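In: Could you look at this predicted model? Sequence included:
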Amino acid sequence: MMLKSTDSATVISSLEINRLPWVIRCAELANSAMLNEVNLTPKPGLVDMRNSGAHKDMDLTDFYRSAEAIRVWIPYFIEYGMSSHMQASSEILCGLRPLGLACEASMFKATSGVNTHKGTIFSLGLLATAMGRLVANQRGITQQNLCHEVAAMSSGLVKRELEQNNQALTAGQRLYQQYGLTGARGEAESGFYLVQSVSLPIYQRLIAQGVDPQRALLQALLSLMAVNGDTNVASRGGPEGLAWLQKMSRQFLDLGGVMQSDYISQLKQFDRLCIERNLSPGGSADLLIVTWFLAQFPESHSKNSN
Ligand SMILES: CC(C)(COP(=O)(O)OP(=O)(O)OC[C@H]1O[C@@H](n2cnc3c(N)ncnc32)[C@H](O[C@H]2O[C@H](COP(=O)(O)OP(=O)(O)OP(=O)(O)O)[C@@H](O)[C@H]2O)[C@@H]1O)[C@@H](O)C(=O)NCCC(=O)NCCS
Ligand SMILES: Nc1ncnc2[nH]cnc12
């Protein structure tokens, strides 16, 4: 997707921002990213079109409702990014949090209290805000610029909320104390390092080779699962569960991944084993959503390019 930075010149009110074609398009892309991820089948341990994986409290329809609830919020994140574009990146997260929490509340309302996309809201909220800032600052909407902006806005987050001031109130904070996992915060602060260095190049390379997009996405997902310190997996299965899931994913990839003729039956078997162990790679699912979303934007040839 190509966006013109000059579009920002015409933006005045929140109502108008909601009507801008590129803003509507961005919200649609975020929605498609969530739908493409949840519809992708078969995924080990995760909700998909076949089953609810290791989840007992949610199904496909919860994800559809949740994705729609989140889509509505994307323009507000963009608007916040545009209206605060003169502020330093380090000052943005503080003002963004109430929006993120309000979006989480909409998600919980849509799913009758089930946590479908909490990590996704965090990542997509930051990315949409980054987009608003880039447009208002007349900078290119490229994969690298978006990630760089997210990293700048999240700078110091791990230190502030996991190393210090850690009241162990959330699963993520407890898992940092127990195992040093930095979860969704760490991924954002790194500018989605795993997405930029692992899943996005794999996905884009396979697509360029003409591989079916579903297959390419599955390979990207398993590549994430093999390396991601997923706090969802660790909260359900401890470090042993995380090590097992990573090893299984690596084995699948080492054998040829989605290029094997029986890759679907292997993934179904992996799913059965995840269900038996109550393991779900929800954090990797979130990063896959980020992967697909970023893939819709051009790459910049040099870092931080305009
Ligand atoms: C900063 C927050 C994300 C705080 O959350 P928390 O302290 O809990 O931090 P994490 O555990 O690190 O992450 C929360 C969710 O992020 C996903 N996640 C986990 N690991 C990673 C990773 N390595 N990279 C990226 N993302 C990661 C994951 O979300 C997914 O799984 C959820 C479904 O799983 P389930 O097991 O069912 O979850 P529960 O119901 O919670 O547990 P059970 O009882 O069932 O076992 C689903 O949400 C997926 O999205 C983690 O759950 C953030 O929440 C925060 O600060 N929010 C405030 C708003 C805000 O600041 N927004 C600003 C930007 S918009
Ligand atoms: N398909 C999925 N199943 C479970 N948790 C998720 N978080 C994001 N996508 C998910």
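Out: Sure thing, it's come through. Numbering: from 1, shown residues only. Ligands and ions are numbered 1, 2, ... in the order given.

In: So which bits of the stretch 101-250 of the chain are right by ligand 1?
Out: Taking C-beta under 6 Å from any ligand atom as the contact definition, the stretch 101-250 of the chain meets ligand 1 at 101, 104, 115-122, 125-126, 170-173, 183-185, 187, 228-232, 235-236. Quick note: C-beta positions are derived from backbone N, CA and C, even for glycine.

In: of these, list those near ligand 2.
Out: The residues of these that also fall near ligand 2, by C-beta under 6 Å from any ligand atom, are 117, 120.

In: Narrow the residues of the stretch 101-250 of the chain next to ligand 1 to those in strands?
Out: Using DSSP state E, no member of those falls within strands.

In: now the residues of the stretch 101-250 of the chain next to ligand 1: which count as buried?
Out: Neighbour-count burial (16 or more other C-beta atoms under 10 Å) applied to those gives 104, 115-122, 125-126, 171-173, 183-185, 187, 228-232, 235-236.

In: Settle this for me: residue 128 is touching residue 72, isn't it.
Out: No - Residue 128 lies out of contact with residue 72 (C-beta atoms under 8 Å); the separation is 11.9 Å.

In: Of these two, give the one with the bigger neighbour count.
Out: Each of residue 128 and residue 72 has its neighbours counted (other C-beta atoms under 10 Å); residue 128 has more, 29 against 14.

In: and the nearest residue in space to that one that is not next to it in sequence, what does it touch?
Out: Counting by C-beta to C-beta, 6 or more residues apart in numbering, residue 77 is the residue found nearest to residue 128 once chain neighbours are left out, at 3.6 Å. Residues counted as contacts of residue 77 (C-beta atoms under 8 Å, 6 or more residues apart in numbering) are 96, 99, 103, 124-125, 128-129, 132.

In: I'd like the next helix or strand past the helix-or-strand element of the chain with minimal mean pLDDT.
Out: Each helix and strand of the chain was given a mean pLDDT (mean pLDDT, DSSP states H and E); the minimum falls on helix 14-19 at a mean of 77. Remark: after helix 14-19, the chain's next helix or strand is helix 21-39, criterion DSSP states H and E.

In: Let me know the average pLDDT across that next one.
Out: Mean per-residue pLDDT for helix 21-39: 97.

In: Verify the stated contact: residue 298 with residue 144.
Out: No - with contact defined as C-beta under 8 Å, residue 298 does not reach residue 144; the gap is 9.6 Å.

In: which of the two has more neighbours?
Out: Neighbour totals were compared for residue 298 and residue 144, and residue 144 leads with 20 against 14 (other C-beta under 10 Å).

In: Which residue is the nearest non-sequential neighbour of that one?
Out: With sequence-adjacent residues excluded and distances taken as C-beta to C-beta, 6+ apart, residue 144 is closest to residue 300, at 4.6 Å.

In: Likewise for residue 34?
Out: Nearest to residue 34 is residue 67, by C-beta to C-beta, 6+ apart, at 3.8 Å.

In: ok, that neighbour - how many residues close by?
Out: Neighbours of residue 67 using other C-beta under 10 Å come to 24.
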